[in-house]
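Enquirer: following is a predicted model, sequence given first.
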Amino acid sequence: MDVARLKQHFPLLNQLCALQPVTWFNPKNSPMAEGYPHVGLTREQVSDASERLKRFAPWLMQVFPETRARQGIIESDIAPLPQLQQVLDMRYGQRLEGKLWLKKDSHLPVSGSIKARGGIYEVLAHAEKLAMAAGLLNYHDDYRLLATPACRELFSQQRIAVGSTGNLGLSIGIISASLGFDVTVHMSADARAWKKQKLREHGVKVVEYQQDYGVAVAEGRRQAASDPHCFFIDDENSHNLFLGYAVAGERLKQQLAAENITVDADHPLFVYLPCGVGGGPGGVAFGLKLAFGDHVHCIFAEPTHSPCMLLGVHTGLHDGISVQDLGIDNRTAADGLAVGRASGFVGRAMERLLCAFYTLSDEEMYALLGLLQQHESLALEPSALAGMCGPWRISADPQPLAEQGISSASLAAATHLVWATGGGMVPPGPMAEYLAQARRLLNT
Ligand SMILES: *Cc1c(COP(=O)(O)O)cnc(C)c1O
């Protein structure tokens, strides 16, 4: 790779290499009317995923009692952040128009992160397929029969494997083990000790790597390839993962309507999504576009040390380039986002669908973590805060938004929804460390 030439062509890469926080508005962002054929997935497939999740609701209620509050549907609340909005107006020296809201995927049942959407969906879809092929299940059955000995016996002969920085492994490991599968999680060096321990407590095999996510995935894929009874969950290429995330769009539409929040040309919705390999935020963004069309504007947030999706989309090289190719180290406290090479499938799918990308420092994520805890009594993991500075970044300069057809007048009535992607299950010890680090940075 001729990095010097690439930098000449894309001057923004100089800032990326210097680890400076950058904001990039996507010139290829296109209206919905032009369609998103490059996604390669349809509205019908997302509805189908939504229906599949409804079929599994009785089983989920039985096996995970915490899902009963929503009748077995794994979904999170939205909440306004009025105090924090004022505090951040001060911090960034700019008054945000519109209202700041939080999407609390951090508190999703079963695995406490956005991965409880895609990861769980993919395993359930796989289990359904196997049980149906074995003649043990029909669409109209009560899916609680998946907990019967015949189904568990079937699943116990099948293996599932996945590579992860932590949260995907947590979600896939827990759900697979509870169905009775023999499951192995290949964990990158970034993965937190408590996540590995929790998995082992659930009877999941955990293989640890000294290298980053890319190596853990490649090794998991290699080991699974030699085993015909092993289903490898491919975070970089899986359509089912993506569809599981996309179901969020329609559900959010209902939640906003229940709060009397209008979304239309005069009341735009901005959604800020922390991005790792891309499947989670990509799937959610696709679902949001299906639900809100051109009135939703999706923005991806990444650590300055792991800007893989910005790099791939900006250069158009997608998974043909990694942050390490530029000499960027992919070392970040935001373990959920510690990915050096983005999914090519998701990058291409996002090319015309996203409003903007930006990067922020680990220090800023920690500071936001502390401020959220102080002012809204909510403690999350660092990755989940990547979206929190987004509203101020995006509205700092109205010109790029105007070029995308978003008027200054509409900004006064905007809703800014920050997707809090994880942290609800962080144990007290590690959480105290996060908060101590935040206090050091905030000098409080
Ligand atoms: C996985 C994860 C993300 C990003 O999802 P990708 O599919 O990897 O892009 C963001 N935040 C948290 C907490 C995560 O675990």
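Expert: Arrived safely.

Enquirer: I'd like the next helix or strand past the strand ranked longest in the chain.
Expert: As assigned by DSSP state E, the longest strand anywhere in the chain is strand 296-303. Note on strand 296-303: by DSSP states H and E, the next helix or strand toward the C-terminus is helix 308-315.

Enquirer: so what's the gap between that next one and the chain middle?
Expert: Here helix 308-315 shows a centroid-to-chain-centroid distance of 17 Å under the convention Cα atoms, centre = their mean, to the nearest Å.

Enquirer: let's verify the residue nearest the centre of the chain: helix, strand, or coil?
Expert: Nearest to the mean C-alpha position of the chain, by Cα atoms, centre = their mean, lies residue 280 at 3.3 Å. Three-state call for residue 280 (DSSP: H, G, I helix; E, B strand; the rest coil): helix.

Enquirer: check contacts around the residue lying closest to it once chain neighbours are set aside.
Expert: With Cβ to Cβ, 6 or more residues apart in numbering as the criterion, residue 280 has its nearest non-adjacent residue at 4.7 Å, and that residue is residue 114. Heads up, the C-betas are built off the backbone N, CA and C, glycines and all. Taking Cβ atoms under 8 Å, 6 or more residues apart in numbering, we find residue 114 in contact with 105, 108, 167, 245, 280, 284, 419, 421, 422.

Enquirer: how about the residues of the stretch 201-350 of the chain near the ligand?
Expert: Residues of the stretch 201-350 of the chain lying close to the ligand by Cβ under 6 Å from any ligand atom are 274, 275, 276, 277, 278, 279, 280, 281, 336, 337.

Enquirer: show me which of the residues you listed is closest to residue 137.
Expert: Distance to residue 137, by Cβ to Cβ, is smallest for residue 279 among these, at 26.7 Å.

Enquirer: once you drop chain neighbours, what's closest to that closest one?
Expert: In space, and not counting its chain neighbours, residue 279 is closest to residue 241: 4.9 Å by Cβ to Cβ, 6+ apart.

Enquirer: neighbours of the one you found, how many?
Expert: When neighbours are counted by other Cβ atoms under 10 Å, residue 241 registers 32.

Enquirer: CA atoms of the host helix or strand of it as PDB?
Expert: Residue 241 belongs to helix 239-246 when assigned by DSSP H and E. What follows is helix 239-246 as a C-alpha-only set of coordinates in PDB (Å, rounded to 0.1, in the frame of the first residue of the first chain):
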ATOM      1  CA  HIS A 239     -26.600 -10.900   6.900                       C
ATOM      2  CA  ASN A 240     -28.500 -12.400   9.800                       C
ATOM      3  CA  LEU A 241     -26.600 -10.300  12.300                       C
ATOM      4  CA  PHE A 242     -27.300  -7.200  10.300                       C
ATOM      5  CA  LEU A 243     -31.100  -8.100  10.000                       C
ATOM      6  CA  GLY A 244     -31.300  -8.700  13.800                       C
ATOM      7  CA  TYR A 245     -30.000  -5.100  14.400                       C
ATOM      8  CA  ALA A 246     -32.200  -3.600  11.700                       C
END
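
Enquirer: in the following helix or strand past that helix, what counts as buried?
Expert: Of the helices and strands lying after helix 239-246 in sequence (DSSP H and E), the nearest is helix 248-258. By 16 or more other Cβ atoms under 10 Å, the buried positions in helix 248-258 come out as 248, 249, 250, 251, 252, 253, 255, 256.

Enquirer: could you measure from the fourth one over to residue 257?
Expert: Computed with Cβ to Cβ, to the nearest Å, the distance linking residue 251 and residue 257 is 11 Å.

Enquirer: helices or strands next to the strand or helix carrying residue 53 in the packing?
Expert: Assessed by DSSP H and E, residue 53 sits inside helix 43-63. Secondary-structure packing of helix 43-63 (3 or more Cβ pairs under 8 Å, 6 or more residues apart in numbering; DSSP states H and E): helix 115-133, helix 239-246, helix 248-258, helix 279-292.

Enquirer: chain center to the least confident helix or strand in the chain by mean pLDDT: distance?
Expert: Least confident helix or strand, the chain: helix 213-225 with a mean of 89, by mean pLDDT, DSSP states H and E. Centre-to-centre, helix 213-225 and its host chain are 21 Å apart (Cα atoms, centre = their mean).
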